[in-house]
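Asker: Build me a model from this:
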Amino acid sequence: MQGSNSLRLQILLKYNQNSYQVDLNSFYDISIPMGGKHTGVKAWYLESPEISPVKDGDFIGAVAQGSSVNFRNISFNPHSHITHTECMGHIHETVFSVNENMKEYYFVTELISVSPAEVNEDRLISKEQLQQQLNGKRPKALIIRTLPNQNDKLTQNYSHTNPTYLHWKAASWLNEIGVEHLLIDTPSVDREQDEGELKAHKAFWGYPDTARLHCTISEFVFIKNEIKDGMYFMNMQTAPIENDATPSRPILHKMILTD
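Answerer: Okay, the predicted model is just below:
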């Protein structure tokens, strides 16, 4: 658990008629970094992201090469290279943006761990598995950790690997019980090759019959094994970019029951 002891920040949280103490100095960062010493993840058949100094005539934006500042361009795709949060603009002819439509950034969230079922050549998460894990709970935000959970999730190239995905009936059920923000540690909630059907995305957002524009799906999170299943206070940090998907940094805090 990360944090600083310089200034203790604690809040008392009221949730479902119970009181919880939340230490804002101690947290779990479940995002995957990109660049520098972090080789990062890749998916969807793209090469690695590029971070390089600006070059303009004799100017090179790198202190190590004589400049007074580091001044670098970053080229990447949020869907392919980093933890990201997306809205219904990802599958809609109108490119709705996360920045415009996401209205809340603090949630009580539930973390569950699921061992995907093997069906033919697929590994998928079923509605029944989610029902069993949640056991009657109806969280506004849900984090799914797939098992086995290994550190290679931080650096894997998922292209052409047919990663674990969510059955569309499971996504539809999450919609039905009121989950508005879904986080998962895979490249997508849908199958890598599904002929463009995107059934799980559509079922979760209720597309095209309903427009859950404020609801989000976050992919490529990574939840260390030391983080136990259960309830957390989450701060969902997103970059203010007007796009269907944007880099994000979900932060989890323990909730200590005080009653």
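Asker: Tell me which other helices or strands the helix or strand hosting residue 217 touches.
Answerer: In the assignment (DSSP states H and E), residue 217 maps to strand 216-219. Judged by 3 or more Cβ pairs under 8 Å, 6 or more residues apart in numbering; DSSP states H and E, the packing partners of strand 216-219 are strand 84-86, strand 181-184. No exception for glycine: its C-beta is placed from N, CA and C like everyone else's.
Asker: Relative to the whole chain's centre, how far out is the next helix-or-strand element following it?
Answerer: The element immediately downstream of strand 216-219 (helix or strand, assigned by DSSP H and E) is strand 230-238. Per Cα atoms, centre = their mean, to the nearest Å, the displacement of strand 230-238 from the mean C-alpha position of its chain is 11 Å.
Asker: going forward, begin numbering at 10 instead of 1
Answerer: All set: I'll call the first residue 10, so the last point we hit is now strand 239-247.
Asker: still on that earlier bit, contacts for the strand holding residue 226 next, please.
Answerer: For strand 225-228, contacts defined as Cβ atoms under 8 Å, 6 or more residues apart in numbering pick out 88, 92-96, 99, 107, 111, 189-193, 195-198, 210, 213, 245, 257, 259.
Asker: Residue 101 contacts residue 216, doesn't it?
Answerer: Yes: using Cβ atoms under 8 Å, residue 101 makes contact with residue 216 at a distance of 7.1 Å.
Asker: and residue 138, what does it touch?
Answerer: By Cβ under 8 Å, 6+ apart, the contact list for residue 138 reads 123, 126, 179.
Asker: how about the strands in the stretch 110-259 of the chain?
Answerer: 115-123, 126-128, 131-134, 150-155, 174-175, 190-193, 225-228, 239-247, 254-263 (DSSP state E, counting those that start in this stretch).
Asker: buried residues in the longest one?
Answerer: In other words, strand 254-263. Within strand 254-263, the residues that count as buried by 16 or more other Cβ atoms under 10 Å are 254-263.
Asker: Between those residues, which sits nearest residue 239?
Answerer: residue 263 (8.8 Å; Cβ to Cβ).
Asker: Surely the closest one touches residue 35?
Answerer: Yes: under the contact definition of Cβ under 8 Å, residue 263 touches residue 35, with a separation of 6.9 Å.
Asker: what sits in contact with each of those two?
Answerer: Common neighbours of residue 263 and residue 35 (criterion: Cβ under 8 Å, 6+ apart): residue 10.
Asker: Let me know the outermost residue of this structure.
Answerer: residue 67 (40.8 Å; Cα atoms, centre = their mean).
Asker: Can you give me every residue that contacts that residue?
Answerer: Residue 67 neighbours (Cβ under 8 Å, 6+ apart): none.
Asker: So in that sheet, which strands flank the strand holding residue 226, and in what orientation?
Answerer: Within its sheet, strand 225-228 is paired with strand 93-95 (antiparallel), strand 190-193 (parallel), according to DSSP bridges.
Asker: and among those strands, the most buried is which?
Answerer: Stretch with highest mean neighbour count among these: strand 93-95 (a mean of 26; mean count of other Cβ atoms under 10 Å).
Asker: which residue sits closest to residue 250, ignoring its sequence neighbours?
Answerer: Leaving aside its chain neighbours, residue 250 sits nearest to residue 108 (6.0 Å; criterion: Cβ to Cβ, 6 or more residues apart in numbering).
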